[in-house]
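In: Just to be clear, the model below is a prediction. Sequence and coordinates:
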Amino acid sequence: MVKIDNYYRVIASTFGISYIIGIIIAFIYASRGDILITEGSNFIQNLSLTSAIYFKQTIYEIFNNSLDLFFTPFAYLTIGIQYAYIHVELLTSSFLGQVKLLVQLIPQFLFFISYIIFSTLGIKTLLLIVKIFLNNLIIKEDKYKIRAIFFTKQDIKLFYIALISIMVGAIIQTHLIKILFIFFINLRSIAYVLIVIIFILIILASGYITIKTIKEFLKKYKKEKI
């Protein structure tokens, strides 16, 4: 069983919050009739369902994106907003765009998992470097040195989960996306219901993780205070 520590919970909750903020901002822009995003973004591409998408290219792209987040861990906040912009643009477009959004949400949800894990590993690595620097060069007295442990065996398991998420998401995006597109294009009512359900689940999951993380921090703070 994989235990998720507070680092992952904080990153997941703030990623969800940034996504929700992005949705709100995007709807404000959409209500004013402004263009939300431009085509050809380097990090997040608005993939065309009619063009050939190769499995290896998708794996390479998403893994590179995850590595980018490892080396620039706090960039996940802007990624959440960027994805929200793209999703709102598709949501407020024609039914074709809405179906495109629906079929893209399935693999993108798996990519979100890898982004959150790689971002957390990047932040943990940064904290470890700061800890080593402070303990060896700044803090002289042993009793004041930082004792926090950032990495455990669970991080290795979560790293493998991130790789599996990339692999499964890439398989869906490259091999099943056209089948799903044809399926939902012929079942409009189901497509609308699923879009609403997915957005509600994203908001509820983000809120639940955020509230649970805050409660745990408050509980820990009260214990330390006592």
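Out: That came through fine. Residues are numbered from 1 along each chain as shown.
In: only C-alpha atoms for contact and neighbour calcs from this point on.
Out: Fine.
In: so where do the helices sit in this structure?
Out: Using DSSP state H, the helices of the chain run over 6-31, 55-71, 76-91, 95-133, 153-171, 177-185, 188-225.
In: and the angle from the first one to helix 76-91?
Out: Angle between the axes of helix 6-31 and helix 76-91 is 40 degrees (criterion: axes from the mean of the first three to the mean of the last three C-alpha atoms, to 10 degrees).
In: swap in the fifth one?
Out: Regarding helix 153-171 and helix 76-91, their directions subtend 30 degrees when assessed with the same axes, to 10 degrees.
In: sorry, back to before: right, so of the helices of the chain, which gets closest to K140?
Out: helix 95-133 (11.4 Å; C-alpha to C-alpha).
In: Can you read off the pLDDT for the spatially most central residue of the chain?
Out: The centre of the chain sits closest to F112, judged by C-alpha atoms, centre = their mean, with a distance of 3.1 Å. For F112, the pLDDT comes out at 91.
In: hmm, back to that, which one, of the helices of the chain, ends up nearest to Y144?
Out: helix 95-133 (11.7 Å).
In: How about that closest one, which residues are buried there?
Out: For helix 95-133, burial by neighbour count (16 or more other C-alpha atoms under 10 Å) applies to 98-108, 110-126, 128, 131.
In: same check, this time on stretch 64-83
Out: 65-71, 73-74, 76-77, 79-83.
In: Equivalent analysis for stretch 158-168, please.
Out: L158, I161, A162, L163, I164, S165, I166, M167.
In: Could you point out which of those is nearest to I190?
Out: S165 (25.6 Å).
In: That closest one contacts L110, doesn't it?
Out: Yes. Here S165 lies in contact with L110, judged by C-alpha atoms under 8 Å, at a distance of 5.1 Å.
In: Extract the residue ranges of the chain that are flagged as low pLDDT.
Out: For the chain, the stretches flagged by pLDDT under 70 are 1-2, 33-54, 143, 220-226.
In: residue farthest from the centroid of it?
Out: Most peripheral residue of the chain (C-alpha atoms, centre = their mean): E141, 40.1 Å.
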